[in-house]
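Student: mind looking at a prediction? Sequence and model below.
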Amino acid sequence: MGIFCRKQQEGQPRRNRGCLWTIIVCVLIYMLTSVVMGYMFGNLMSPSATLEDNTVYVLRLDGTLVEQGQENNPLSPLMSQMPAGYGRNQNIVGLDDLKRNILLAKEDSKVRGILLRGGSMSMGQASAKALREALIDFKQSGKFLIAYSESYSQTNYYVASVADKIMLNPVGSVDWNGLAAQHMYFKRALDNIGVEMQIVKVGTFKSAVEPYIRTSMSEADREQTMLYVSGIWDIMKAGVAESRGLDVKQLDALADRYMGLQDADELLRCGLIDTLVYTDQLDSVISTYACTDDYNTMTTADMSLVKRTEHKADSKVAVLYAEGEITDEQGDGIVGKKMLKQIAKIKDDKKVKAVVLRVNSPGGSANASEQIWHALQTLRESGRPVVVSMGDLAASGGYYISCGADYIYAEPNTLTGSIGIFGTIPSFAKLRDKIGVDIDGVGTNSHSDFDSNIIYKGMNAEERAMMQAMVERGYDLFTRRCAEGRNKSQDDIKSIAEGRVWLGNDALRLGLVDELGGLEQAVLKAVELAGLPDYQVVYYPERKDFFTELLESLDNSTEEERLLLKLRNFCSKPRVMALMNAPVIE
């Protein structure tokens, strides 16, 4: 027993030394793994890029242009190969990113110039104008700005026309054929299946309901639509004429020939482009402009990752983006509950001394619009001036949330106004008769079954009168809000309301906005109204981080499921909307 114990004690230190080495190795592996993983995820969470000498910024004019860009996703190249609904990259590009990148390219000596590449970006007319003006400002640097594409859509050509040289593939095309605006009308289809859209509205020009109750444009809608489409076309022609040294009458004559179907040599002869270049010759052209064969290129995603020195100050100007359709609780656009939280967060930050609301919305829920309006008024009452900057659209509910601001900017081709209210309730009474479905039941009061009856049996005269009265109360409140905000009488507002859509140029003349300009001018006005000697700009909502974007991009719900959800919500209860039905303009 004694010998056994003694041997065990003698061997104990050796075993302890072995355990100690094992622990040391494990700790080293853990530390190394932590460093590697930290580096990897640090790059994923905070990726960066560095500008090199002789850089050419390749600004691709493709994808969909929105007001506020998304965080760069390092897995986007992989996700772009996945099926739709499983994280496929939708190529969303932020106007804010493009403008910041163009300014960086202007100011950084390492950038030699910009190549506008491609020509099929989906963007609104005011956004196109803002992008175009940023490029015109870039040209003041003396650096080169050239454009190349296999084909240009009309709006993209409007943007690219500011380039020093516009290049086109020899078998390419340039769409130049004027603007048209069209609705699709569903009345005959609804009649065929036995569905009637029961409409209550206020506003002669409130055309959002017409596709459900007509087979063609009303004269009022035709009048207003032709007015603003012609106005947008005039702005587009004037811009191209100035940049290309052409006459606006000449551009109209070319549009009448539909230049998108003309030979590339004819486009060259007419002065719409400068030269024909095959894709494999583009490198040589860039080298000539960059004055070196050893140039580097950076994409929009790369440029957005370049670290910049952010100006810091005690006082802040908050830019709050409000983009998309206005809904109460859910949706992809301006969700009322979420917007109220953002406004409350801004209000709670005592360093925020002024606010710029950037609106790009056709409107939506009247209730959510009123709640947002009220929250903004409360913000103003806290001593912070609120300035509105309108983008492509600030119509109906989009104007509702704007009208109470201290100052309003719009672009000349912004669509705004559309001050009107409507309610839509589908009736399936005829469809129910067709397929042989009967409804019976009991209720405690006269209108206990109102919600179901108006859908499955249709409104009676009393119910329609009540619905119409509710809509008229909403219209009265809407026009009253506008009158208060614009320092006009309610009658003055009603005389230019009636759901009519106005271009920014006309809105200025009518007093619906205060000045023509973009987001930058709105920020400067907010600074002036707040009397700030120094400030920094902060943006709301904050951009989502990589992991949030990743989880949302892996959402398995299909577009069909989303449409079914919208249909269910549409049919579940009466809706009162302050929404502009914008036709397709192309």
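Tutor: That came through, no problem.
Student: which strand or helix spans Ala126?
Tutor: helix 125-138 (DSSP states H and E).
Student: quick one: the helix or strand following that helix to helix 125-138, angle?
Tutor: Next helix or strand after helix 125-138 toward the C-terminus (DSSP H and E): strand 144-152. If you take axes from the mean of the first three to the mean of the last three C-alpha atoms, to 10 degrees, strand 144-152 sits at 150 degrees to helix 125-138.
Student: report all helices and strands that the helix or strand following strand 144-152 contacts.
Tutor: Downstream of strand 144-152, the next assigned helix or strand under DSSP H and E is helix 154-160. Secondary-structure packing of helix 154-160 (3 or more C-beta pairs under 8 Å, 6 or more residues apart in numbering; DSSP states H and E): helix 125-138, strand 144-152, helix 219-244. C-beta: built from backbone N, CA, C; applies to glycine.
Student: hang on, the earlier thing: could you export the helix holding Ala126 as CSV, CA atoms only?
Tutor: The C-alpha trace of helix 125-138 is given here as CSV (Å, rounded to 0.1, in the frame of the first residue of the first chain):
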residue,chain,number,x,y,z
GLN,A,125,-38.0,61.8,-62.7
ALA,A,126,-37.0,64.0,-59.7
SER,A,127,-34.4,61.4,-58.7
ALA,A,128,-33.0,61.5,-62.2
LYS,A,129,-32.8,65.2,-62.1
ALA,A,130,-31.0,65.2,-58.7
LEU,A,131,-28.5,62.6,-60.0
ARG,A,132,-28.0,64.6,-63.1
GLU,A,133,-27.3,67.8,-61.1
ALA,A,134,-24.8,66.0,-58.9
LEU,A,135,-22.9,64.9,-62.1
ILE,A,136,-23.0,68.5,-63.5
ASP,A,137,-21.5,69.7,-60.2
PHE,A,138,-18.8,67.0,-60.5
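Student: okay, buried residues for that helix please.
Tutor: Gln125, Ala126, Ser127, Ala128, Lys129, Ala130, Leu131, Arg132, Glu133, Ala134, Leu135, Phe138 (16 or more other C-beta atoms under 10 Å).
Student: ok, stretch 522-538 next?
Tutor: Ala522, Val523, Lys525, Ala526, Val527, Leu529, Ala530, Leu532, Tyr535, Val537, Val538.
Student: and stretch 440-458, by the same measure?
Tutor: Neighbour-count burial for stretch 440-458 [16+ other C-beta under 10 Å]: Asp449, Phe450, Asn453, Ile454, Ile455, Tyr456, Gly458.
Student: quick revisit: give me the residues contacting the helix holding Ala126.
Tutor: 65, 67, 95, 98-99, 102-103, 105-106, 114, 116, 123, 145, 155-156, 158-159, 161-163, 232, 235-236, 239, 390-392, 411-414, 504, 518-519, 585 (C-beta atoms under 8 Å, 6 or more residues apart in numbering).
Student: follow-up on the earlier one: now the buried residues of helix 125-138 as TSV including pLDDT and distance to Arg244?
Tutor: Shown next, in TSV, are the buried residues of helix 125-138 (pLDDT from 0 to 100; distance: C-beta to C-beta, whole Å):
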residue	pLDDT	distance to Arg244
Gln125	96	19
Ala126	97	21
Ser127	97	21
Ala128	97	16
Lys129	97	16
Ala130	97	20
Leu131	98	17
Arg132	98	13
Glu133	97	16
Ala134	98	19
Leu135	98	14
Phe138	98	18
